[in-house]
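S.K.: kindly return the folded structure for what I paste below:
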Amino acid sequence: MSESVQNRIKDKLRKMSKGSIVFISDFSDIGTDTAVRQAMQRLSKKEFIIRLSQGIYYYPKVDKLLGMIKPSADQIAEAIKNRDQARIIPTGSYAQYRLGLTTQIPMNIVYLTDGSPRKVQVGNQKITFKKTNPKSLSVEHALTSLIIQALREIGKENIEQNHLNQIKDIIEKSNESKKIRENIKYAPVWIQKHILNVLNSYDNE
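M.R.: The predicted structure is shown next:
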């Protein structure tokens, strides 16, 4: 029976794209949680799949030159978001990295979510999903959300002109100034003022 569950899981995985992130629950149609978990553990030992964290596995994508392509934190977070039917936004130093204000990838990546709070340890990197209120997730425009969260992390008293110049360049390259102007109203007043000044200087050039 267990061998049958394992083979059926392998068949289902082969129909997926290489690089997919999967969960025990993705195979609930094949067997019980216990049977699926045991089969996934065996497939992991054979390196047919890679165990990322408890209950989370990766169907590896392999490049001839680079070897196995490891999934990014965003891929893992997106997969968890879709499974939980939740909303997430990057925050803290990871928002700064995503925005391009820093090149250093933080070891502790934090997302705000309206789903279940959890921590996922993937190698040396920790991905934390922090429960928040709906208002904090009201900005649906991705770039505006990153700008707000990145400036929150820097802090009102620490904002310097070089930060605003970097954000101005990012907005110019994005061609999304109209969307940002529409959505920045959800930010704290001090962030609104900074970004509206940036947008006005950009529009008046």
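S.K.: mind listing what's buried along stretch 23-31?
M.R.: Applying a neighbour-count criterion of 16 or more other Cβ atoms under 10 Å, the buried positions in stretch 23-31 are I24, D26, F27, I30, G31. Just so you know, the C-beta spots here come from the backbone N, C-alpha and C atoms, and that holds for glycine as well.
S.K.: and if you look at stretch 62-74?
M.R.: Neighbour-count burial for stretch 62-74 [16+ other Cβ under 10 Å]: P71, A73, D74.
S.K.: which residues sit against that stretch?
M.R.: Here stretch 62-74 makes contact (Cβ atoms under 8 Å, 6 or more residues apart in numbering) with 18-19, 21, 50, 52, 58, 60-61, 90, 94, 109, 122, 125, 127.
S.K.: endpoints of that stretch, how far apart?
M.R.: Chord length of stretch 62-74, first to last residue, is 19 Å (Cα to Cα, to the nearest Å).
S.K.: in this protein, which spans are helices?
M.R.: Assigned by DSSP state H, the helices in the chain fall at 2-14, 33-45, 73-84, 92-99, 142-154, 161-174, 177-183, 189-203.
S.K.: for the ones you listed, give me CSV that also has distance to K131 and mean pLDDT.
M.R.: As requested, these are exported to CSV (distance: least, Cβ to Cβ, whole Å; pLDDT from 0 to 100):
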stretch, distance to K131, mean pLDDT
helix 2-14, 32, 89
helix 33-45, 25, 93
helix 73-84, 12, 91
helix 92-99, 15, 93
helix 142-154, 16, 94
helix 161-174, 28, 92
helix 177-183, 23, 93
helix 189-203, 22, 88
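S.K.: separation between the residue positioned nearest the centre of the chain and Y57?
M.R.: With distances taken as Cα atoms, centre = their mean, D74 lies nearest the centre of the chain, 3.0 Å away. In this view, D74 and Y57 are 17 Å apart by Cβ to Cβ, to the nearest Å.
S.K.: got it, and G67?
M.R.: G67 is 18 Å from Y57, by Cβ to Cβ.
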